[in-house]
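>>> Structure, please.
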Amino acid sequence: MNYQILLKKVAKRLKKIAVRILPYRTRFRPDGVCFIPSLASDSQQMLAGNVLVHSIYPNYLTTLDISEDLYQACSEYWKPQRRVTTDYIVVEVPQGRLHTDNESSIAIISRDNNLIDNVSLSLEDGKVTKPEKNNVFRQHLFSEPAKLEGTVFTMLSGGAGINNIGHWFLDVLPRLHLLQQSGLFEEVDWFLVPSTRYSYQTETLELLGIPKEKIISGEVYSHIQADRIIASTAPRGNHTLVPQWLITYLREAFLPVVANTQEQEVQADGPLLFISRKDSKVRNVLNEDELQNVLGQYGFNTVVSSNFTISDKVRIFSQARFVLSPTGAGLISMLFCQPGTKLVEIFNEGFVIEPFYDIATKLNLDYNYIICKSQGKKARNAAQGQKGHLIVETEKVEELLEQLVKQA
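As a prediction, this is how the structure comes out:
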């Protein structure tokens, strides 16, 4: 491991320990929680501390519509819910503060020092906890907040939004839609995002019309106070299912970069794609050369997703007739596939999770899957599951392709 990277990891770990045990500036710790009641559609409500709540999608129902076999195959440590409801809101917080570790905790704090429910977020083992259990309440050491003039809109998401393109599309960018629906988009002076270190982050923001000079990063600003902070409900709420509005927004936002593809049907001579994970250190296909030889016989082209710009990915996936891929962030571009596109997702048996087959159902894709045996010990949690490599049983692939390619 690179020596500098190791030092950064050690420093980060020490900081996590320090903020829990060293008391300093504890006045910045919130005193309690400001709970937000459910609102009717198109309504607003003023709460304590002059916090103004805009209702966007109240009591919004999201369902998971998949086969019972696939649901039962989903990893036990990550069983998704079948139906969830979420109150999507946007709040305005005058003289508000934001405190985050940019990883597992985001606290939106009113000027009367209360954490604001719904738009704050705390994660434990990847799952959302109750607002009163937000990590900020266990913190002892606080930095002085950076003072920002004007209005800040936070797009911080916690979890892997900082370095994972899948979470960037599902948990970060859709907040812009909620902001637009609130009518406050033009009033924002600063867009606070998890990170700007990756090209896909800056490119997507540019495509969505966010000026570079208005973008600030949570890696730089972990504690701020602003004239006004605007925050939204997390795009997937307190769960992992993908709402239909999110899919519609991303398609309408990005498909126009490819002329005349948004309403097209899948072309009979469209490309067949295999999405390789050779650019990743986890969940590699250990027999990928063997798999590619099999796929080559059916006319599949190998794509390493990280080699392409966002515009290229939109174009490539919107024109695809067939996509086959191990589960992973590179598959997020399936959002731009046309209805009817055939999709085969390959799982490690220790890491069967729902986001992509959830999206596939809502996009009306022709979805199929293959589950491969894990290499090594059985995963007991997501952290272990997402690291496991896999060996693809190519005979299963051939058997499925014989059925599907002939139908394409």
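>>> Could you measure from G32 over to T100?
19 Å (Cβ to Cβ, to the nearest Å). Any C-beta I mention is one placed from the backbone N, CA and C, and that applies to glycine too.
>>> Please identify which of those two sits among more neighbours.
T100 (24 against 12; other Cβ atoms under 10 Å).
>>> For the more buried one, grab phi and psi.
phi -150, psi 150 (degrees, to the nearest 10).
>>> what's the answer for the one 10 residues further on, then?
With angles defined as degrees, to the nearest 10, S110 sits at phi -80, psi 170.
>>> What about it, how many residues nearby?
The burial count for S110: 22, using other Cβ under 10 Å.
>>> V33 is in contact with that one, correct?
No. Using Cβ atoms under 8 Å, S110 makes no contact with V33, being 10.3 Å away.
>>> pLDDT below threshold where in this protein?
1-24, 259-269, 406-408 (pLDDT under 70).
>>> The residue minimising distance to the centre of it is in what secondary structure piece?
Nearest residue to the geometric centre of the chain (Cα atoms, centre = their mean): H167, 2.1 Å. Here H167 sits within helix 165-167, counting by DSSP states H and E.
>>> What is the subsequent helix or strand relative to that helix?
Next element after helix 165-167 (DSSP H and E): helix 175-182.
>>> Send me whichever helix or strand comes after that following helix as CSV with only the CA atoms.
Using DSSP H and E, the helix or strand that follows helix 175-182 in sequence is strand 190-193. Provided in CSV are the C-alpha atoms of strand 190-193 (Å, rounded to 0.1, in the frame of the first residue of the first chain):
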residue,chain,number,x,y,z
TRP,A,190,-23.5,27.1,-3.4
PHE,A,191,-24.1,23.5,-4.2
LEU,A,192,-22.4,21.3,-1.5
VAL,A,193,-21.6,17.9,-3.0
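>>> helices and strands around strand 190-193, which ones?
strand 146-154, helix 199-207, strand 215-217 (3 or more Cβ pairs under 8 Å, 6 or more residues apart in numbering; DSSP states H and E).
>>> Output these as TSV; include the columns mean neighbour count.
Below are the helices and strands packed on strand 190-193 laid out as TSV (neighbours: other Cβ atoms under 10 Å):
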stretch	mean neighbour count
strand 146-154	18
helix 199-207	18
strand 215-217	18
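>>> Show me the one of the ones you listed that comes nearest E395.
Minimum separation from E395 across those (Cβ to Cβ) falls at helix 199-207, 35.5 Å.
>>> The stretch 251-400 of the chain: helices as residue ranges?
288-296, 310-318, 355-362, 382-385, 394-407 (DSSP state H, counting those that start in this stretch).
>>> Now tabulate these in a markdown table and tack on distance to L250 and mean neighbour count.
Formatted as a markdown table, the helices of the stretch 251-400 of the chain follow (distance: least, Cβ to Cβ, whole Å; neighbours: other Cβ atoms under 10 Å):
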| stretch | distance to L250 | mean neighbour count |
| --- | --- | --- |
| helix 288-296 | 28 | 16 |
| helix 310-318 | 10 | 20 |
| helix 355-362 | 10 | 22 |
| helix 382-385 | 24 | 17 |
| helix 394-407 | 26 | 13 |
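>>> export the ones you listed to CSV and tack on distance to F347?
Formatted as CSV, the helices of the stretch 251-400 of the chain follow (distance: least, Cβ to Cβ, whole Å):
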stretch, distance to F347
helix 288-296, 14
helix 310-318, 20
helix 355-362, 10
helix 382-385, 10
helix 394-407, 12
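>>> Quick one, which of these gets closest to Q180.
With distances scored as Cβ to Cβ, the stretch of these nearest to Q180 is helix 310-318 (19.6 Å).
>>> Run the angle between the closest one and helix 199-207 for me.
Angle, helix 310-318 to helix 199-207, by axes from the mean of the first three to the mean of the last three Cα atoms, to 10 degrees: 90 degrees.
>>> Chain neighbours aside, what residue packs nearest to L178?
Leaving out its chain neighbours, the residue that sits closest to L178 by Cβ to Cβ, 6 or more residues apart in numbering is S232, at 4.2 Å.
>>> Would you check that that neighbour makes contact with V119?
Yes. In this structure S232 lies within contact range of V119 using Cβ under 8 Å: 6.2 Å.
>>> list residues touching both of the two?
Common contacts of S232 and V119, defined by Cβ atoms under 8 Å, 6 or more residues apart in numbering, comprise I89, V90, V91.
>>> thinking again about what came up before, which of the helices of the stretch 251-400 of the chain sits closest to H223?
Taking those one by one with Cβ to Cβ, helix 382-385 is closest: 27.4 Å.
>>> Specify the beta-bridge partners of D366.
D366 has these beta-bridge partners by DSSP bridges: K342.
>>> ok, it to V51 distance?
Taken as Cβ to Cβ, the span from D366 to V51 is 46 Å.
>>> More neighbours: these two, which one.
Of the pair D366 and V51, V51 is the one with more neighbours under other Cβ under 10 Å, namely 24 against 17.
>>> can you redo the shared contacts of S232 and V119 as JSON lines with secondary structure?
Converted to JSON lines, the shared contacts of S232 and V119 look like this (DSSP: H, G, I helix; E, B strand; the rest coil):
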{"residue": "I89", "secondary structure": "strand"}
{"residue": "V90", "secondary structure": "strand"}
{"residue": "V91", "secondary structure": "strand"}
